[in-house]
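Colleague: Everything below, folded, please.
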Amino acid sequence: MALPESSYERLRATDCADEIVYVQACLRVYFAEPAAAPGTVSMLGLDVANVADIARLNKIATFVLKALSRAPAADRPLELFQWLDTYRRRTVSMNAACLMDSLAIHEVLRARQIDFVFLKGPFQQQLLYGDHFMKPSGDVDILVSPAGFSRARDALRSIGYEVAGKSRSVWWVRFLGEQHMVRGDGPKASTVDLHYRLQQPGSPSPRDSDGFLRRKRQVEITGVEVPTTSAADTLLLSCISVAKALFNREPCAGYVCDVRASAARLDEADQQSVLDAAAKQGLDDTLLLGLRAADVLLGGAGTLLSDRATRILSRIGNEDLLSMVIAPWLSSLRWPQRRTVLWELCGREPVRYLAEAGWAASADISRRIFERPGSP
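Modeller: Okay, here's the model as predicted:
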């Protein structure tokens, strides 16, 4: 779901171009080889609050913190560094709770013999960055098969989770293919996003979502092996998240970082395999969009994947795509029409485009009916 417009009001009212450049520079420092990275990025004349907001909204504050940590202590911008350190501590606390919830969920789903895989979250962060606490994870995301959706929901109910509010509606269950389930309330509430679909209407969906379950891998946490997505599927899902965020016009630099971290773990043979797998899933152009976004934000990688990505949405300049990724609130930004992006992501195939556009139109009608104020 898109972030509320109020999240952007202060940034929209200010000229934060220099702060955007600063945050981008920090990200490039983070992804550079430590020995080659510059020791510091100048904060001279920048608004600390703007930098903090950009990092927070994109979920990249810990990346910025780690980049700045490479500089000598005397060269770090003290106020920003303190804010980032506090943010990091809160992320550790949030993700530690998420990990504990995930282990409890794993136990009940395994006991019921329900096939599932964890999406995103601390497990993925550990695999990509060697750190469970890179980005805040307030929810546990789980993918099950359509056939296992009801059984998984019942299993979660057995440990105290209940379907939340409007996620009972036709729009949520039929078109989004997910439901939010909540246990408890207040600051210690636990939320699960239970999925059987992997993309919202308006962007192409995978042709075979169950394939993500078949290709899952096991990772160990506190002596327990838990299922997560394969390396190639992690890249594909990160690109899906980028496409979804661009559709909703919300910041997505955090997802773009996941794209780069995922792609960096693939050799050339693996990269070709990902391109082939994405084509079979109908996600080849979604993959290329995520890869091009990573090259624009973090610099070209000079790989097979990067070479292929240059053609996608070629009418959108790099400067505009950068703003779409990291600062979608900018009033100067020339957003492409959503149907134009969908046309590109459908490979400019008329039949497929019409099918996806029809599905999106049906979803929008359903949302207007079931999500309007006062609807049941």
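Colleague: Please make it C-alpha for all contacts and neighbour counts, starting now.
Modeller: Will do.
Colleague: For the chain, give me the ranges with low pLDDT.
Modeller: 1-7, 33-41, 370-376 (pLDDT under 70).
Colleague: Could you pick out the longest helix of it?
Modeller: helix 78-111 (DSSP state H).
Colleague: same for that one, what does it pack against?
Modeller: The contact analysis (3 or more CA pairs under 8 Å, 6 or more residues apart in numbering; DSSP states H and E) places helix 78-111 against helix 48-58, helix 61-68, helix 121-129, strand 139-144, helix 149-157.
Colleague: Reformat the ones you listed as TSV; add distance to residue 302 and mean neighbour count.
Modeller: Converted to TSV, these look like this (distance: least, CA to CA, whole Å; neighbours: other CA atoms under 10 Å):
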stretch	distance to residue 302	mean neighbour count
helix 48-58	25	20
helix 61-68	22	24
helix 121-129	20	20
strand 139-144	33	23
helix 149-157	41	18
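Colleague: Columns distance to residue 296 on top of those, output as CSV?
Modeller: Below are those laid out as CSV (distance: least, CA to CA, whole Å):
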stretch, distance to residue 296
helix 48-58, 16
helix 61-68, 17
helix 121-129, 20
strand 139-144, 28
helix 149-157, 38
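Colleague: For residue 190, which of the ones you listed is the nearest?
Modeller: Closest to residue 190 of the helices and strands packed on helix 78-111 is strand 139-144 (CA to CA; 7.1 Å).
Colleague: How far off centre is the closest one?
Modeller: 13 Å (CA atoms, centre = their mean, to the nearest Å).
Colleague: how about the strands in the stretch 151-300 of the chain?
Modeller: Under the criterion DSSP state E, counting those that start in this stretch, strands of the stretch 151-300 of the chain are mapped to 162-163, 178-183, 190-195, 217-221, 224-228.
Colleague: And these: which comes nearest residue 107?
Modeller: Nearest to residue 107, of the strands of the stretch 151-300 of the chain and by CA to CA, is strand 224-228 at 9.4 Å.
Colleague: Which parts of the stretch 201-350 of the chain are helices?
Modeller: 210-214, 231-248, 253-263, 268-281, 284-298, 304-309, 318-326, 338-345, 350-370 (DSSP state H, counting those that start in this stretch).
Colleague: Can you give me the neighbour number for residue 290?
Modeller: 27 (other CA atoms under 10 Å).
Colleague: same question, residue 332
Modeller: Using other CA under 10 Å, the number of residues around residue 332 comes to 10.
Colleague: one step back: so which of the helices of the stretch 201-350 of the chain gets nearest residue 109?
Modeller: helix 210-214 (13.9 Å).
Colleague: residue contacts, residue 334?
Modeller: Each residue near residue 334 by CA atoms under 8 Å, 6 or more residues apart in numbering is listed here: residue 320.
Colleague: Nearest residue to residue 343 in space, please, no chain neighbours.
Modeller: Computed as CA to CA, 6 or more residues apart in numbering, the closest residue to residue 343 that is not its neighbour in sequence is residue 353, at 5.9 Å.
Colleague: repeat for residue 360
Modeller: Spatial nearest neighbour of residue 360, excluding adjacent residues (CA to CA, 6+ apart): residue 201 at 4.6 Å.
Colleague: From residue 327, how far out is that neighbour?
Modeller: 23 Å (CA to CA, to the nearest Å).
Colleague: do the same with residue 285
Modeller: Taking CA to CA as the measure, residue 285 and residue 327 are separated by 23 Å.
Colleague: Any idea how many residues pack against residue 9?
Modeller: Neighbour count of residue 9, defined by other CA under 10 Å: 11.
Colleague: before we move on, what SS does it have?
Modeller: Assigned by DSSP: H, G, I helix; E, B strand; the rest coil, the conformation of residue 9 is helix.
Colleague: residues contacting residue 236?
Modeller: Shown in contact with residue 236 (CA under 8 Å, 6+ apart): 278, 283, 287.
Colleague: In a markdown table: those, plus neighbour count and distance to residue 87.
Modeller: Formatted as a markdown table, the contacts of residue 236 follow (neighbours: other CA atoms under 10 Å; distance: CA to CA, whole Å):
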| residue | neighbour count | distance to residue 87 |
| --- | --- | --- |
| 278 | 21 | 36 |
| 283 | 26 | 34 |
| 287 | 28 | 31 |
